[in-house]
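Trainee: Need a 3D model of the following:
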Amino acid sequence: MRTLFLGDVMGRAGRAAITEHLPRLRSQWKLDFVVVNGENASSGMGLTGEHAKGLLDAGADCVTLGDHAFDQKDMLSFIENEPRIVRPINFAKNAPGRGHRLFTDARGRKVLVAQVLGQVFMKRAYDDPFSAIDAVLRAHPLGGQAQMILVDMHCEATSEKMGMGHFCDGRASLVVGTHTHVPTGDAQILPGGTGYLSDAGMCGDYNSVIGMDKAEPMRRFVTGMGKTRFQPALGEATLSGVLVETDDRTGKATALHMIRQGGRLEQSGP
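Mentor: Take a look at the predicted model:
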């Protein structure tokens, strides 16, 4: 199975890049399943129902969220009626929607997508991500109930992401980090057969400060004072992520490819 994961979609530029590139990539790379992190797709903070529908219509089979999951208030109701949106398992006990879901690809294979929030350097004290994901993986053994399992680890600290990768090794097909908007160069297959990448990066304009127009972040760094709100950068965006190939029998990763399409970080495909 060939599964593409794309990192945090950042504002209008990121949405435009998804619309422009994803339909072509699905066909060109013969993708079986696509997961997109969309938690910054609407003005850089959260995801509206309208923009979620745009990502799904462009070719995403599932959209994950993050700590900004419900910054756009209509997502509170939209997620209840759209099973292809997955929010973090440990966001809040009474949060709407679900933190994991079992999907079926076009060939009838089962794909489990789960998302969990880390605790280190995050603004809120979320529940333990390790016990939360452990319960999901115990209920869905890799190669049994699910032919492919993807875990989106949304957090700040690379050490916590790496810990999650090793914790899930042999029990998930891919553990991929999101949230920092900076792609890392450590794509690897762990000893137990789990693909791992500390951060997928963002789908946004890299001529920016983590996707935001440079002027206001630079003003705050240099002067210590803010003047206006952050606004997403609007230049040409790069799609950043990872493509994992997995064995249908075991669910384990057989190949891993870092993805950079369009914009300033363009590179050749897998």
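
Trainee: Excluding its own residues, what touches the longest helix anywhere in the chain? List them.
Mentor: Using DSSP state H to define each element, the chain has its longest helix at helix 11-28. For helix 11-28, the surrounding residues in contact (CB atoms under 8 Å, 6 or more residues apart in numbering) are 4, 6, 8-9, 31, 34, 36, 40-44, 51, 54-55, 58-60, 202-205, 211, 232-239, 261-263, 269. Just so you know, the C-beta spots here come from the backbone N, C-alpha and C atoms, and that holds for glycine as well.

Trainee: tell me, what residue is most central in the chain?
Mentor: Of all residues in the chain, the one closest to the mean position by CA atoms, centre = their mean is N37, 3.4 Å from it.

Trainee: hang on, the earlier thing: average pLDDT across the longest helix of the chain?
Mentor: In this model, helix 11-28 carries a mean pLDDT of 96.

Trainee: what comes into contact with the helix or strand just after it?
Mentor: Next helix or strand after helix 11-28 toward the C-terminus (DSSP states H and E): strand 33-37. The contact list for strand 33-37, computed with CB under 8 Å, 6+ apart, reads 1-9, 18, 22, 26, 55, 59-66, 103, 105, 111, 113, 148, 150, 152, 154, 178, 200, 203.

Trainee: Of those residues, which belong to strands?
Mentor: Mapping these onto strands (DSSP state E) picks out 2-6, 8-9, 62-64, 103, 111, 113, 148, 150, 152, 154, 178, 203.

Trainee: of those, buried ones?
Mentor: Buried by 16 or more other CB atoms under 10 Å: 2-6, 8-9, 62-64, 103, 111, 113, 148, 150, 152, 154, 178, 203, out of the ones in strands among the contacts of strand 33-37.

Trainee: rewinding a little: may I see the buried residues of the longest helix of the chain?
Mentor: In helix 11-28, counting by 16+ other CB under 10 Å, buried: G11, R12, A13, G14, R15, A16, A17, I18, H21, L22, L25, R26.

Trainee: just to confirm, which helix or strand has the residue nearest to D247 when sequence neighbours are not counted in it?
Mentor: If the residues on either side of it in the chain are set aside, D247 comes closest to T254, at 5.5 Å by CB to CB, 6 or more residues apart in numbering. T254 belongs to strand 253-261 when assigned by DSSP H and E.

Trainee: same deal with Y196?
Mentor: Taking DSSP H and E as the criterion, Y196 maps to strand 195-197.

Trainee: And M162, by the same measure?
Mentor: Under the criterion of DSSP H and E, M162 resides in helix 158-168.

Trainee: And the contacts of stretch 214-223?
Mentor: N207, S208, V209, M225, G226, K227, T228, R229, F230, Q231, A233.

Trainee: how far away is the third one from L6?
Mentor: Think V209. 21 Å (CB to CB, to the nearest Å).
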